[in-house]
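[1] Next input, structure requested:
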Amino acid sequence: MESGWLRHVVLGLVFLVSMASVLESSCEFPAIFNFGDSNSDTGGLSAAFGQAPAPNGQTFFHHPAGRYSDGRLIIDFLAESLGLPYLSAYLNSVGSNFSHGANFATAGSTIRPQNTTMHQSGYSPISLDVQLVQFSGFHKRSHEYRNQGVVFETLLPKADYFSSALYTFDIGQNDLTAGYKLNLTIEQVKASVPDMLAQFSNAVKAVYAQGGRSFWIHNTGPVGCLPYSLDRFLITASQIDKYGCASPFNEVSQYFNRELKAAVVQLRTELPLAAITYVDIYSLKYKLITQAKKFGFTKPFIACCGHGGKYNYNTLARCGAKKIVNGKEVIIANSCKDPSVRIIWDGVHYTEAANKWIFQQIVNGSFSDPPIPLTIACQH
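    Residues are numbered from 1 along each chain as shown. Down below sits the predicted model:
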């Protein structure tokens, strides 16, 4: 009896010491610098090529806010959880505050530069290498201008924020779909993955060379479950899995993710002072889409905001598309009645409700390698 009681006391003390150690080692991220595509774009593409139209932004911001969603993205929930303001897009010159970081992501961005214009392919010219040039310039000029004081002192990050910031990456999905658009075979797209990841690794190394130490890297989602893919690309009945997703495209996404994880392992060896967290977004998105009802969602393959077709997705009339009716301009690709129970917003991107659900699963480290929560992602 006495020895059992003593054992519980000892275990309790061990637990308290462990918890105290974790709390003591919690990271204080003063800023976030994000690189990516539309999954984390908070206004970059809108600043460069025109605002994402209504009804984008309707749920949370109540107006278009540069995001291809009805509300907040995963990066927004991430910033909230760290007690930081939403990230201003680097390209957005009006009303921006960069004191706690900057967002270099733009919708349509790829890791590798695309040999097309925005209007030809829909892919952003602001690929990852361009985002790095922007970050380098921002880093250098922030020091120069902040020292001048006045308004710059309140709108730009402190010098030491760059070394203690969290650097987030969510990019690669568009590199895969770009290959499908060019009618490359599945094997040809897979063959291009090593080069994509070599360029991705170089980007992480470049940030590390400028003092970045904490990295939070998302893998890519199940492209084969998106209405965009199911509608846009040729798929046979035998290629559809039991849930309704296109298996070949998901297999390429999984291959990309395996190679990305291997690249992260290699980066940890080459960058000994870096803390690099790999986050399995794919598993969560696939789980949410294929088990939608279990988590309170409906119609997982139907876009909430769209216009016609099997998946309420029409590439010629995407979310917010308008036409003239009786001399008046009206939105023909509008939002569904209740986005809070839908997963896919516009055929390509996720609703705020889905983004929130995904973030709630990743914040504690359950889908991370190493399995550590966001709050201690600066730890090796």
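
[2] From Gly221, how far out is the nearest residue to Gly244 once chain neighbours are set aside?
    Excluding its sequence neighbours, the residue lying closest to Gly244 (C-beta to C-beta, 6 or more residues apart in numbering) is Phe301, at 5.4 Å. C-betas here are computed from N, CA, C, even on glycine. Between Phe301 and Gly221 the distance is 14 Å, computed by C-beta to C-beta, to the nearest Å.

[3] Also Pro371?
    20 Å.

[4] Looking at Phe301 and Gly221, which is more packed in?
    Taking neighbours as other C-beta atoms under 10 Å, Phe301 and Gly221 compare with Gly221 leading, 25 against 21.

[5] if I read this right, that one contacts Gln173, doesn't it?
    Yes: at 6.4 Å, Gly221 counts as touching Gln173 under the criterion of C-beta atoms under 8 Å.

[6] Residues that sit against both of the two, list them.
    When contacts are counted by C-beta atoms under 8 Å, 6 or more residues apart in numbering, the set common to Gly221 and Gln173 consists of 39, 253.

[7] Next, Ser99: phi, psi?
    Taking degrees, to the nearest 10, you get phi -60, psi -20 for the backbone angles of Ser99.

[8] Equivalent analysis for His62, please.
    Dihedral pair for His62: phi 70, psi 20, per degrees, to the nearest 10.

[9] count of neighbours near it?
    Neighbourhood size, His62 [other C-beta under 10 Å]: 10.

[10] picking that back up, what about the residue nearest to Gly244, which SS state?
    Secondary structure for Phe301, judged by DSSP: H, G, I helix; E, B strand; the rest coil, is coil.

[11] Quick one: mean pLDDT for stretch 326-334?
    The pLDDT scores in stretch 326-334 average 92.

[12] Name the residues of it that come out as buried.
    331, 333-334 (16 or more other C-beta atoms under 10 Å).

[13] Name the surrounding residues that touch that stretch.
    By C-beta under 8 Å, 6+ apart, stretch 326-334 touches 54-55, 305-307, 314, 317-324.

[14] and if we set it to 6 Å?
    Residues outside stretch 326-334 that contact it (C-beta atoms under 6 Å, 6 or more residues apart in numbering): 306-307, 317, 319-323.

[15] Just the buried subset of these, please.
    306-307, 317, 319-321.

[16] Could you take the residues you listed and lay them out as TSV, with extra columns for distance to Gln114 and pLDDT?
    Formatted as TSV, the buried ones among the contacts of stretch 326-334 follow (distance: C-beta to C-beta, whole Å; pLDDT from 0 to 100):
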residue	distance to Gln114	pLDDT
Gly306	25	97
His307	27	95
Ala317	24	94
Cys319	23	97
Gly320	24	96
Ala321	24	96
